[in-house]
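heads up, no residue letters with this:
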């Protein structure tokens, strides 16, 4: 049914936004929920009523990925309000692969793609490098260095980190994941903690290879 089951007569249509990135709750609120709520409520088109995430098992036992982050959205209609919602989520930086799900007026479930930005996921090896590398690692300086590279060429936005015992994720949302990687990879010389980092590309062209590589070691 297209109508919201909670009886909200003002915003009766429920839409679920699936954001395919490893968003922690605070970041989900800051980057998407709060600005989308303000945007919709100002126009009396709807509101964001909640959010969460879908977890998935990682290779290391006991660790979990965030498969995607979700937003619960209530809208006044599935015409103008839905169109504005999709456009705003894309504007806020939803990465390629994201979508909104809803029950249409025809009673069928629909999934509309949103987002056009690519992701470069950098999983820093938190286990295998030499102890002195971890001892001397300065993550704040690394993040500042990455942001400087990105800002110089308007390549994208650094997000994260997500931290597990085995890895630390820093990821970048931008126009071209391969261009971003070309800028970041040489930084291993100045930031040895990037050595052996696992890099996962999330591209518009899902057939493009490689999808995952490792950053090399310094000589």
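Ah, there it is. As the structure is a computational prediction, the values presented were derived from the model and not from experiment. Numbering: from 1, shown residues only.

could you pull out the helices for the protein?
If you assign secondary structure with DSSP state H, the helices in the chain sit at 25-28, 34-42, 80-91, 131-136, 139-152, 177-184.

In the longest one, which residues are buried?
Read it as helix 139-152. Buried residues in helix 139-152, counted by 16 or more other C-beta atoms under 10 Å: 142, 146, 149-150. For every residue, glycine as well, the C-beta is placed using N, CA and C.

and of those, the nearest to residue 176?
Taking C-beta to C-beta as the measure, residue 176 lies nearest residue 150 of the buried residues of helix 139-152, at 11.8 Å.

Quick check: the closest one touching residue 181?
No: using C-beta atoms under 8 Å as the test, residue 150 is too far from residue 181 to be in contact (11.8 Å).

export the buried residues of helix 139-152 to a markdown table and tack on pLDDT and distance to residue 100?
Shown next, in a markdown table, are the buried residues of helix 139-152 (pLDDT from 0 to 100; distance: C-beta to C-beta, whole Å):
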| residue | pLDDT | distance to residue 100 |
| --- | --- | --- |
| 142 | 97 | 34 |
| 146 | 97 | 30 |
| 149 | 95 | 32 |
| 150 | 96 | 28 |
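
What residues are bridge-paired with the residue nearest to residue 13 when sequence neighbours are not counted?
Closest residue to residue 13 in three dimensions, ignoring its sequence neighbours and counting by C-beta to C-beta, 6 or more residues apart in numbering: residue 75, at 4.5 Å. According to DSSP bridges, the partner residues bridging residue 75 are residue 13, residue 46.

Show me which of the buried residues of helix 139-152 is closest to residue 93.
residue 150 (13.2 Å).

check contacts around that closest one.
Residues near residue 150 by C-beta atoms under 8 Å, 6 or more residues apart in numbering: 156-158, 172, 174, 180, 183.

Residue ranges in the protein under the pLDDT threshold?
Within the chain, the stretches with pLDDT under 70 are 1-8.

rerun at 80
Flagging of the chain using pLDDT under 80 yields the residue ranges 1-9.

Outline the domain layout of it.
According to the domain assignment given by automatic domain parsing, the chain is divided into the following structural domains: 13-114, 118-214.

Mind jotting down where the strands sit in this structure?
Here the chain has its strands, by DSSP state E, at 13-19, 46-57, 64-75, 98-103, 109-114, 118-125, 156-163, 167-174, 198-202, 212-214.

what about the closest residue in space to residue 98 that isn't next to it in sequence, how many neighbours?
Distance criterion C-beta to C-beta, 6+ apart; nearest residue to residue 98, sequence neighbours excluded, is residue 115 at 4.1 Å. Residue 115 has 24 neighbouring residues, counting by other C-beta atoms under 10 Å.
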